[in-house]
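>>> Pasting a predicted model and its sequence here:
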Amino acid sequence: MSLSRDELQFIDTYLKNSSINYIDVRLELTDHIATTTEHELEKKCGLTFYDAFKNYMVNHKKNLLENYELQKVKLRDKIIKLFSKKIMALEVLFLIVISGILVSSFNFIIYEEYYLYANFIMFICNLIYYYIAFYRTKKTSIGGSLLTLVAVCYYILFYIKNPLNLFFLIPVLLIGYQLFYKIEKSISKKWSVTIIVLFAIVIFPLFLWFNQFSLQFVTDKIKVGYFFFQMIMWYMLFKTLREYKFELNRKFKEIFA
């Protein structure tokens, strides 16, 4: 038995009135509650939707906040994994090959003074798209994660002048994220922040050493290749934002259509 649009809207409104403001989390919880309610209606003849929903809330309302936080974590990890998959896609390899051909064929280093401007423009474009697609129209729990991705990309691509530092930073960031993901569930937020700070303190001297060591290998072609890599990163970030927006719209239509 499928619930009607009005019944699904009732669940969504109830969750919203229960201070679950993020629409992506409400969609996940609405889907879960609706599925459970449908099973109860199928098992018990004569049971009304409102009685089935009331019974569910009596038994599970205490866990609602816990489920809320759990869904937020799941969606945060989902957007980060989505971006990681974009970076490792064949499309990126194709763009890198094309960039390599262009770097070998033309002297783009003469435009080096414009690289930072182009980087900043791409940063602003991604922020504007995020605002239009998510913040202004839909309050999403992964807003912080999306903005973190934008900020990290901006910091790495704008402030890291030595392109070879990416060979140090990317593995460190990936390893650090995996460690944080594993310990986050088993320790308090205070201790997780402390561990992150200590991790950064240990890594920073190694980064300075690697930066000084690798500067001798930076050539003009590497600088130009790095600029093309920056543009590819911004493009893939835009695609990540766009894909998640479409997925959110699809989920909304599936539930409330």
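That came through fine.

>>> worst-scoring helix or strand of this protein, pLDDT-wise?
helix 143-159 (a mean of 63; mean pLDDT, DSSP states H and E).

>>> after it, next one along is what?
Next along the chain after helix 143-159, taking DSSP states H and E as the criterion, comes helix 166-184.

>>> which secondary structure elements does that following helix contact?
Counting by 3 or more CB pairs under 8 Å, 6 or more residues apart in numbering; DSSP states H and E, the packing neighbours recorded for helix 166-184 are helix 64-87, helix 143-159, helix 189-214. For the C-beta atoms, the positions are set from N, CA and C on the backbone; glycine is no exception.

>>> hmm, try it at 7 Å
In terms of contacts (3 or more CB pairs under 7 Å, 6 or more residues apart in numbering; DSSP states H and E), helix 166-184 is packed against helix 189-214.

>>> For the helix it packs on, name the packing helices and strands.
The helices and strands touching helix 189-214, judged by 3+ CB pairs under 7 Å, 6+ apart, are helix 166-184.

>>> which stretches of the stretch 101-250 of the chain aren't confidently modelled?
By pLDDT under 70, the weakly predicted segments of the stretch 101-250 of the chain are 135-160, 181-190.

>>> Identify each buried residue in the longest helix seen in the chain, please.
When the chain is parsed with DSSP state H, its longest helix is helix 220-256. Using 16 or more other CB atoms under 10 Å as the test for burial, helix 220-256 gives 223-238, 240-241, 244-245, 248, 251-252, 255.

>>> What's the separation between the residue lying farthest from the centre of the chain and residue 33?
Ranked by distance from the centre of the chain (CA atoms, centre = their mean), the top residue is residue 46, with 44.0 Å. Residue 46 is 21 Å from residue 33, where distance means CB to CB, to the nearest Å.
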